[in-house]
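Asks: Below: sequence and its predicted model.
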Amino acid sequence: MKFESVLSNVRKLAEKADASAVDFLAVQVNLTDCDPGVFYVEVKDHKVNVEPYDYHDRNCAISMKSDDFNKLVNGKLDPVEAFTIGKLKVDGDIGKALEFSELLKK
């Protein structure tokens with residue numbers, strides 16, 4: 001899957017996301033099969049922002065293949081299962097990674 005397709009999909013999901021209960025969340029997503037394959041999702045002041053850049057002061061970074069990432073955000077791949085079987089790697093706060101996956105599924 002192309003990086004632009006993934007980014008577009010995440011931006012659409014972010015528009016619908018209910019971030020009213022989230023004060024701050026910054027997650028960098030590393031798509032391991034895309035080049036470039038880095039973007040971030042930030043929730044600040046209850047607004048969701050998605051940009052195609054590194055985010056150095058993030059809560060966590062997640063790394064996975066683009067197809068698996070799309071399944072994750074579309075609710076077709078359980079984040080705990082993906083982490084357990086090695087399809088999802090988390091660098092940083094695992095709780096924030098779970099919060100991120102729930103945010104985009106709503």
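Replies: Everything's here; your move.
Asks: contacts and neighbour counts: CA atoms only from here.
Replies: Noted.
Asks: roughly how far apart are residue 84 and residue 101?
Replies: Going from residue 84 to residue 101 by CA to CA, to the nearest Å gives 15 Å.
Asks: Which of those two has more residues huddled nearby?
Replies: residue 101 (17 against 11; other CA atoms under 10 Å).
Asks: Tell me which helix or strand the more buried one sits in.
Replies: helix 94-105 (DSSP states H and E).
Asks: now swap in residue 48 and tell me
Replies: strand 47-51.
Asks: Neighbours of residue 43, how many?
Replies: 20.
Asks: dump the residue contacts of it.
Replies: 19, 22, 23, 24, 25, 26, 49 (CA atoms under 8 Å, 6 or more residues apart in numbering).
Asks: again, 6 Å this time
Replies: Neighbour list for residue 43: 24, 25 [criterion: CA atoms under 6 Å, 6 or more residues apart in numbering].
Asks: Give me the contact list for the lowest-mean-pLDDT helix or strand in the chain.
Replies: Here the helix or strand of the chain ranked lowest by mean pLDDT, DSSP states H and E is helix 94-105, holding a mean of 87. Residues from elsewhere that reach helix 94-105, judged by CA under 6 Å, 6+ apart: 13, 17, 73.
Asks: Mind checking which residue lies nearest the centre of the protein?
Replies: For the chain, residue 29 is the residue whose C-alpha lies nearest the centre (CA atoms, centre = their mean; 5.4 Å).
Asks: Pull up the pairing partners for the one helix or strand it maps to, direction included.
Replies: Secondary structure from DSSP H and E places residue 29 in strand 24-31. The strands beside strand 24-31 in its sheet (DSSP bridges) come out as strand 38-44 (antiparallel), strand 60-64 (parallel).
Asks: I'm done for today, thanks for sticking with me.
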